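In: here is a sequence with its predicted model. Questions after.
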Amino acid sequence: MSCENGSSLWDLKRAIGMCKWAPTSPVTSRAAKGRTTIELAKKDGYPLGLTISGGIDKVGKPRVAQLKPGSIAQKSDMLEIGDILIGINGIKTAGLKHEQVIDLIKQVGDQLILDIDYELPKWPIHAINTVHTKTIQIQLEKEGQSYGFILRGGDSDDKVKARPLIITRIRSQGTADREGTLKIGDRVLAINGINVSGASLQDAHQVMKQCRGTTLFLIEYDVAIVDSIKHASGPLLIEIEKSFGSTIGISLAQKWTRNNHSIIVIDNVKPASIADR
């Protein structure tokens, strides 16, 4: 896969619309583990920032215990606390003591390759009859090797584990956070015109790795179906949860009635905003 522009957006949306993910049971979704391989490029003068716990002489398998803020590992947007290390540069960690795992990481050269097991995100995220979906295109500027969000999921030979590419974390002050559109639970359908709706997580990472500069993402997001609004015939009181620093996403305008009374109306709702969702 390359990051050159692919098929037209119309063809892409049509193809994606034909590829709907069959929901798995929420219990199975929470329990399942995904597996992928990630690459971290080490640089002189920049801390890797990866703290590992576990080992055969410790409690539990080797896993990510901490990601130092601002470090290579944290800003890669590929690791989360709790990820289990299965292999390090091709060497299996099963049966290794804690210090042996640490030594393996220290001894690698410029490229650290980690095989990890990770907790798959719940799918479906919401009950099917409580939401409908919309799509939006956004542009994100690549910073270093990432866009400021973590993806999990993707296609799998084990269909119980297959799910869309779901955004599970948005790094504070990263490019996605500053742009403001993405929310946890959104799905990535395409990257620079390349349909990734049926791609594995590793393939999606490879596409993003090859992209440069400003990158176009096609995102699917959920919109709540509120019965009280659907069947309303009079005034409504609507409560919207708003996080600190975010905008609601509506524009207001003053209108005049035939009786020359001034009223305030919603003039515009920004796509994928809090109000739209």
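Out: On my side now, so go ahead.
In: tell me where the stretch 51-200 of the chain has strands.
Out: Remark: strands assigned in the stretch 51-200 of the chain by DSSP state E, counting those that start in this stretch are 63-67, 84-88, 91-92, 111-119, 131-141, 149-154, 163-170, 187-191, 194-195.
In: for Thr214, which of these is the nearest?
Out: Comparison of the strands of the stretch 51-200 of the chain against Thr214 by Cβ to Cβ identifies strand 131-141 as nearest, at 5.3 Å. Every C-beta, even on glycine, is put in place using the N, C-alpha and C of the backbone.
In: what about the helices in this structure?
Out: For the chain, helices defined by DSSP state H occupy the ranges 9-17, 26-31, 72-75, 98-107, 175-179, 201-210, 227-230.
In: send me the fifth one as PDB with only the CA atoms.
Out: So the one you mean is helix 175-179. In PDB, the C-alpha atoms belonging to helix 175-179 read as follows (Å, rounded to 0.1, in the frame of the first residue of the first chain):
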ATOM      1  CA  THR A 175      -2.200  17.600  15.700                       C
ATOM      2  CA  ALA A 176      -5.600  15.800  15.900                       C
ATOM      3  CA  ASP A 177      -6.400  17.400  19.300                       C
ATOM      4  CA  ARG A 178      -5.600  20.800  18.000                       C
ATOM      5  CA  GLU A 179      -7.700  20.300  14.900                       C
END
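In: only the buried residues of it, if you could.
Out: Thr175, Ala176 (16 or more other Cβ atoms under 10 Å).
In: pLDDT averaged over that helix - what is it?
Out: The predicted model gives helix 175-179 an average pLDDT of 93.
In: also the first one?
Out: Averaging pLDDT along helix 9-17 gives 46.
In: near the nearest residue to Ala204 once chain neighbours are set aside, how many other residues are there?
Out: Using Cβ to Cβ, 6 or more residues apart in numbering and skipping the chain neighbours, the partner closest in space to Ala204 is Val196 (4.9 Å). The local packing of Val196 (other Cβ atoms under 10 Å) involves 28 other residues.
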